[in-house]
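1. Quick one: sequence plus predicted model below, questions after.
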Amino acid sequence: MSADGPAQATMAPAREVVLRLDGVAKAFPNGVTALDGLDMEVRAGEFLSLLGPSGCGKSTALRLIAGLSEPTGGRIEGRPAGGAPSIGFVFQEPTLMPWATVFGNVHLPLRLQGIGRRQAEAAIMEALEMVGLGAFRDAYPRELSGGMKMRVSIARALVTKPALLLMDEPFAALDEITRFKLNNDLLAVWRQLKCTVVFVTHSVFESVFLSTRILVFRARPGRVAAEIGIDPALPRDEAFRTSADYAALCRQTSQALAAAMGERL
Ligand SMILES: Nc1ncnc2c1ncn2[C@@H]1O[C@H](COP(=O)(O)OP(=O)(O)OP(=O)(O)O)[C@@H](O)[C@H]1O
């Protein structure tokens with residue numbers, strides 16, 4: 001920590017912009033304007049979190065980035081053509097096929113590209129090893145814990161080696177211990193694959209632990225209210241979770257979130 005303040009001020013070095021949202025709006029047919037005037041960039045190799053209260057449009061923004069939905073205003077530049085396989089998407093629920101094994105579930109994105117089991121095996125096993133489930137290839141989802149199911153869901157998103165990994169509150173339903181473990185393992189995967197991650201969460205603590213940059217959203221209409229850079233050089237280990245740097249960054253982020261919600265802390 002520097003003498004004149006916590007690690008908060010350290011901004012990540014400039015990285016190439018891979019995706020840009022410019023004045024993006026999304027109004028639904030029922031009259032709800034989820035987003036309006038959303039300006040944001042995604043930079044190569046960063047771990048970017050979208051943080052905000054429930055209903056502020058984080059998931060809507062992620063679906064627009066994924067190409068699962070189209071904006072009703074503004075422009076999005078840099079969306080990978082054709083969506084999958086260059087994008088991996090992890091939803092809040094693991095959404096596994098109950099009738100298929102772990103291997104079969106992770107095979108799915110490659111099967112949709114016409115790649116058979118034998119040809120896909122090395123990639124599937126590599127993805128399973130990355131999330132620590134190599135030994136569970138023949139298990140069925142009903143035999144797995146909640147954390148293991150989410151690991152399978154992450155392996156399925158990684159099996160195509162996407163340049164961009166989009167995650168919509170993937171750990172929200174898990175207990176805290178499992179969540180911490182998956183946070184650690186996700187960072188290891190991110191470092192190994194050197195991919196770009198956009199991660200939706202409403203947890204200040206999770207966003208500070210994981211991210212190199214946080215965009216704080218405000219609601220009605222959803223847009224970016226604040227940006228917080230986190231020094232990528234900070235060690236993201238258990239010691240970091242209890243460090244003064246982490247506490248200071250969490251306080252700064254909480255204050256930005258409260259301000260975005262029109263409250264004072
Ligand atoms: N398909 C839809 N049709 C109509 N309204 C929608 C639709 N999807 C989202 N909304 C509305 O848009 C707003 C933003 O929703 P969104 O799910 O993007 O927020 P969020 O920040 O991700 O919230 P949460 O953290 O609760 O998931 C909400 O008011 C929601 O009800």
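-> Here it is on my side, so go on.

2. and residue 108, that one's in a helix?
-> Yes - the assignment for residue 108 (DSSP: H, G, I helix; E, B strand; the rest coil) places it in a helix.

3. Need the per-residue pLDDT for it.
-> Confidence at residue 108, expressed as pLDDT, is 96.

4. Would you check that residue 232 makes contact with residue 211?
-> No - using Cβ atoms under 8 Å, residue 232 makes no contact with residue 211, being 9.3 Å away. C-beta coordinates here come from the backbone N, C-alpha and C atoms, glycine included.

5. Could you list the contact residues of the stretch 101-250 of the chain toward the ligand?
-> residue 202 (Cβ under 6 Å from any ligand atom).

6. Beyond the helix or strand harbouring residue 49, next helix or strand please.
-> Assigned by DSSP states H and E, residue 49 falls within strand 47-51. Downstream of strand 47-51, the next assigned helix or strand under DSSP H and E is helix 58-66.

7. and the angle for that following helix with strand 47-51?
-> For helix 58-66 against strand 47-51, the angle by axes from the mean of the first three to the mean of the last three Cα atoms, to 10 degrees is 140 degrees.

8. and the very next helix or strand once past helix 58-66, which strands flank it?
-> Next in sequence after helix 58-66, counting helices and strands by DSSP H and E, comes strand 73-77. Its sheet considered, strand 73-77 pairs with strand 17-27 (antiparallel) by DSSP bridges.

9. is the partner strand up against the ligand anywhere?
-> No - using Cβ under 6 Å from any ligand atom, strand 17-27 stays clear of the ligand, with a minimum separation of 7.7 Å.

10. Let me see the mean pLDDT of that strand.
-> The average of the pLDDT scores along strand 17-27 is 96.

11. now what about the helix or strand following it, what contacts it?
-> Next in sequence after strand 17-27, counting helices and strands by DSSP H and E, comes strand 33-43. Strand 33-43 is contacted from outside by 12, 14-28, 48, 57, 60-61, 64-65, 71, 73-74, 78, 164, 196, 198, 213, 215, 220-224, using Cβ atoms under 8 Å, 6 or more residues apart in numbering.

12. which sections of this structure are below the confidence cut-off?
-> Within the chain, the segments meeting pLDDT under 70 span 1-14, 81-85, 263-265.

13. and with 80 instead?
-> Along the chain, the parts satisfying pLDDT under 80 run over 1-14, 80-85, 263-265.

14. ok, which stretches of it are helices?
-> Assigned by DSSP state H, the chain shows helices spanning 58-66, 102-111, 117-130, 146-158, 176-193, 204-210, 238-241, 244-260.

15. Dump those into CSV; add mean neighbour count and distance to residue 93 as well.
-> Listed next are the helices of the chain as CSV, based on neighbours: other Cβ atoms under 10 Å; distance: least, Cβ to Cβ, whole Å:
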stretch, mean neighbour count, distance to residue 93
helix 58-66, 22, 13
helix 102-111, 21, 13
helix 117-130, 16, 19
helix 146-158, 23, 8
helix 176-193, 16, 15
helix 204-210, 23, 18
helix 238-241, 12, 26
helix 244-260, 18, 25
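
16. sorry, back to before: I'd like to know which of the contacts of strand 33-43 are buried.
-> When the contacts of strand 33-43 are checked for burial by 16 or more other Cβ atoms under 10 Å, the buried set is 12, 18-21, 24-26, 48, 57, 60-61, 64-65, 71, 74, 164, 196, 198, 213, 215, 221-224.

17. Looking at residue 232 and residue 211, which is more packed in?
-> When neighbours are counted by other Cβ atoms under 10 Å, residue 232 and residue 211 differ, and residue 211 comes out ahead with 26 against 15.

18. so what's the spatially closest residue to that one that is not a sequence neighbour up against?
-> Nearest residue to residue 211, sequence neighbours excluded (Cβ to Cβ, 6 or more residues apart in numbering): residue 49, at 4.3 Å. Going by Cβ under 8 Å, 6+ apart, residue 49 touches 198, 199, 200, 201, 206, 207, 210, 211, 213, 214, 215.

19. And the fifth one, how far from the ligand?
-> Separation of residue 206 from the ligand (Cβ to the nearest ligand atom, to the nearest Å) stands at 13 Å.

20. Enumerate the beta-bridge partners assigned to the residue nearest to the spatial centre of the chain.
-> Nearest to the geometric centre of the chain sits residue 199, at 2.0 Å (Cα atoms, centre = their mean). Residue 199 forms beta bridges with residue 49, residue 167, as assigned by DSSP bridges.
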